[in-house]
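A.B. asks: coordinates only, sequence not included:
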């Protein structure tokens, strides 16, 4: 039987209390889950990424989703089971909202830590805006530039 534990952590960026977008507040929770609030043409939402459930975890499997698109969730609700190489862990919601999009299907393997797998919006009326939502792609990792060629020696001046 697999070990079951509960993942209770995320990092969330939110607007200031007065909803001013002039600066962001960062709330941190104990583990490596990532939640990103993006300013875009979409309604207010949080993009939840595959959490790192251990210091060595680089990828995980979505064993089973416990939620469906459109479902209201509250803090503490069991979102899904994530399988690692060592255990199956229940991932719990940290805030309330509505499941707007599930971007990693049930049973998918080798989802990299940090990849967006779930989108939650604040208002039920906003669910339709996420019907064709696609997770933003991370910029490609830049390759190390090839070392510059050694400068060529200046040609010798002609001898007179």
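C.D. replies: Great, that's in hand. Quantities reported herein were computed from a predicted structural model and do not represent experimental measurements.
A.B. asks: And the strands in the protein?
C.D. replies: Taking DSSP state E to define them, one finds strands in the chain at 4-7, 11-15, 24-28, 35-36, 45-49, 59-65, 72-73, 78-83, 88-92, 97-102, 111-112, 116-121.
A.B. asks: strands paired with the longest one, and their directions?
C.D. replies: Just to be clear, that refers to strand 59-65. Strand pairing for strand 59-65, using DSSP bridges, gives strand 78-83 (antiparallel), strand 111-112 (antiparallel).
A.B. asks: Buried ones in that strand, by neighbour count?
C.D. replies: Buried positions in strand 59-65, judged by neighbour count with 16 or more other C-beta atoms under 10 Å: 60, 61, 62, 63, 65. Backbone N, C-alpha and C define where each C-beta goes, glycine included.
A.B. asks: where does the chain have low pLDDT?
C.D. replies: 1-40, 137-160 (pLDDT under 70).
A.B. asks: I'd like the buried residues of strand 59-65 as a markdown table, with distance to residue 122 appended.
C.D. replies: Output for those, formatted as a markdown table (distance: C-beta to C-beta, whole Å):
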| residue | distance to residue 122 |
| --- | --- |
| 60 | 27 |
| 61 | 29 |
| 62 | 24 |
| 63 | 28 |
| 65 | 20 |
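A.B. asks: just to revisit the earlier point, who wins for proximity to residue 133 among the strands of the chain?
C.D. replies: The closest of the strands of the chain to residue 133 is strand 97-102. By C-beta to C-beta, the value is 4.5 Å.
A.B. asks: got the angle for the closest one vs strand 59-65?
C.D. replies: If you take axes from the mean of the first three to the mean of the last three C-alpha atoms, to 10 degrees, strand 97-102 sits at 120 degrees to strand 59-65.
A.B. asks: who's in contact with strand 97-102?
C.D. replies: 45-46, 65, 67-73, 117-124, 126-127, 129-130, 133 (C-beta atoms under 8 Å, 6 or more residues apart in numbering).
A.B. asks: what lines up beside that strand in the sheet?
C.D. replies: Next to strand 97-102 in the sheet, as set by DSSP bridges, lie strand 72-73 (antiparallel), strand 116-121 (antiparallel).
A.B. asks: Between strand 45-49 and the last one, find me the angle.
C.D. replies: Read it as strand 116-121. Between strand 116-121 and strand 45-49, the angle comes out at 160 degrees (the same axes, to 10 degrees).
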